[in-house]
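Peer 1: Could you work out the structure for the sequence below:
(one chain, ligands or ions: 3)
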Amino acid sequence: MLTAVLRGGSVGFRKGLGAWKALSTSRCDGILRSPPLVSLDVVEDWSTRFDQDYGEMPASLNQSNELTAALIDGKAIADEIRSEIATEVSRMKTSIGKVPGLAVILASQRRECQTYVRNKVIACEEAGIRSDVTELQDCCSEDEILCAITNFNENPDIHGILVQLPLPQHLDEGRMLSLLPLEKDVDGFHPLNMGNLAMRGREPLFISCTPKGCIELLLRYGVEIEGKRAVVIGRSNIVGLPTSLLLQRYHATVTVVHAFTENPEEIAREADIVVSAVGMPNLVRGSWLKRGAVVIDVGTYPVEDPNSEYGYRLTGDVCYEEAVKVASAVTPVPGGVGPMTIAMLLLNTLEAAKRAYNFY
Ligand SMILES: NC(=O)C1=CN([C@@H]2O[C@H](COP(=O)(O)OP(=O)(O)OC[C@H]3O[C@@H](n4cnc5c(N)ncnc54)[C@H](OP(=O)(O)O)[C@@H]3O)[C@@H](O)[C@H]2O)C=CC1
Ligand SMILES: Nc1nc(=O)c2c([nH]1)NC[C@@H]1CN(c3ccc(C(=O)N[C@@H](CCC(=O)O)C(=O)O)cc3)C=[N+]21
Ligand SMILES: [Mg+2]
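Peer 2: Ligands and ions are numbered 1, 2, ... in the order given. Okay, here's the model as predicted:
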């Protein structure tokens, strides 16, 4: 039975001997877990660590001793999680006649925002989750957003509410997010959820989907986090900041790099784990990476591409061709973090519904 994907479903902390330990709880027993695939130390024989489950190439060395990084297949893992969520949703429907419901408030005509929302709606449908989108004009007022939030808040069939970001410039994003009902904040962006993520000894009701998806990729690929040097590039409320907090919960030593950072390249090169969330294609070159590092590329930057379905395609922050020669594992864009974000959103929505009905 699926109740949580993150190992230690709620990441608990145990005090003792000066150290806090993330506690593994039994709440995530039903989830398929692969044995360690990627080690932070470069090893010659990857075949012994290679897990068949995801069917991807393990990192290997070529004749000139260059690494070929393993591909971290976010799409495959997300599909697996989504099918487990679908099973849970049908169990819920059968036993109490209810399904989870997700509301999305979209106030942007930007095509990639429209695409993300469309992808979320499709993913909901496939999992048997009800979804309801309120589209507002770019020029909408704060009151209109509040009104949409209130409607969804009062609707008992809606368990999760997501305000697609960024909001148009003239709106106060922080204020909008602070007005979300805590127990429906499946994006984890409410200041109380963020604050509880940041504070030791406290648990957020929801952890933001993208950071949760990044950690889940690391865990599923067996990447050790505890004690390792992690560098997060970007410090936004929606990705960089919560990712740095979550990595600390898993006992990484975290450095945050941002637009004002001097010598980002040198800092990044110290990292065992690099998470980049900037939105600048090719920012992270091969020279930014320590040999054997694990690289999670969150960036999704739309570039014109007349050959692709919607006239654009997405590129990440990482120069993939260079990174694969230095890193031990890399997430692709697309097919890496993006699909995990959606899977975690469905999971948070399922969790919200379970709480609402006290159904476990
Ligand atoms: N795959 C997914 O599921 C998701 C992908 N994304 C993508 O991730 C990217 C980041 O999104 P988001 O966090 O919302 O973006 P923001 O624009 O809110 O934040 C960007 C961050 O990058 C930092 N930055 C800017 N330039 C540099 C630089 N040259 N070197 C180092 N840091 C820099 C900024 O620093 P400062 O704070 O100093 O300004 C800021 O902290 C985007 O491409 C977005 O589309 C976002 C969410 C989910
Ligand atoms: N309140 C809020 N919550 C969010 O979670 C949120 C947001 N606002 N604003 C925008 C960012 C961006 N984001 C993505 C989600 C999925 C993909 C995704 O599925 N990407 C696919 C490809 C999609 C495609 O090709 O168009 C992939 O990377 O494989 C990408 C980006 C969520 N965001
Ligand atoms: Mg953004």
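
Peer 1: ok, the nearest residue to residue 319 once chain neighbours are set aside to residue 175 distance?
Peer 2: Leaving aside its sequence neighbours, residue 319 sits nearest to residue 282 (Cβ to Cβ, 6 or more residues apart in numbering; 4.6 Å). C-beta: built from backbone N, CA, C; applies to glycine. Remark: distance between residue 282 and residue 175 (Cβ to Cβ, to the nearest Å) = 35 Å.

Peer 1: which one of the two has more residues nearby?
Peer 2: With neighbours defined as other Cβ atoms under 10 Å, residue 282 and residue 175 compare such that residue 282 has more, 15 against 11.

Peer 1: can I assume the more buried one sits in a helix?
Peer 2: No - counting by DSSP: H, G, I helix; E, B strand; the rest coil, residue 282 is not part of a helix but coil.

Peer 1: Quick one: neighbours of the residue of the stretch 1-150 of the chain found nearest ligand 1, just the number.
Peer 2: Per Cβ to the nearest ligand atom, residue 112 is where the stretch 1-150 of the chain lies closest to ligand 1, at 7.5 Å. Here the number of neighbours of residue 112 (other Cβ under 10 Å) works out to 14.

Peer 1: How about the one 5 residues further on?
Peer 2: Look at residue 117: counted by other Cβ under 10 Å, it has 19 neighbours.

Peer 1: rewinding a little: hang on, the residue of the stretch 1-150 of the chain closest to ligand 1 packs against residue 312?
Peer 2: Yes - contact criterion Cβ atoms under 8 Å: residue 112 and residue 312 qualify, at 7.1 Å.

Peer 1: Which residues are in contact with each of the two?
Peer 2: residue 302 (Cβ atoms under 8 Å, 6 or more residues apart in numbering).

Peer 1: Can you classify the residue lying closest to residue 226 once chain neighbours are set aside by secondary structure?
Peer 2: With Cβ to Cβ, 6+ apart as the criterion, residue 226 has its nearest non-adjacent residue at 4.2 Å, and that residue is residue 251. At residue 251 the chain is in coil, as set by three-state DSSP.

Peer 1: tell me which element the residue in the chain that ligand 2 sits nearest to is part of?
Peer 2: Closest to ligand 2 within the chain is residue 338: 2.3 Å, counting by Cβ to the nearest ligand atom. Using DSSP states H and E, residue 338 sits within helix 337-357.

Peer 1: Against which helices or strands is that helix packed?
Peer 2: On a contact count with 3 or more Cβ pairs under 8 Å, 6 or more residues apart in numbering; DSSP states H and E, helix 337-357 meets helix 74-96, strand 101-106, helix 111-127, strand 160-163, helix 209-220.

Peer 1: 10 Å instead, please
Peer 2: helix 74-96, strand 101-106, helix 111-127, strand 130-135, strand 160-163, helix 209-220, strand 294-297 (3 or more Cβ pairs under 10 Å, 6 or more residues apart in numbering; DSSP states H and E).

Peer 1: Quick one: mean pLDDT over that helix.
Peer 2: Averaged over helix 337-357, pLDDT sits at 97.
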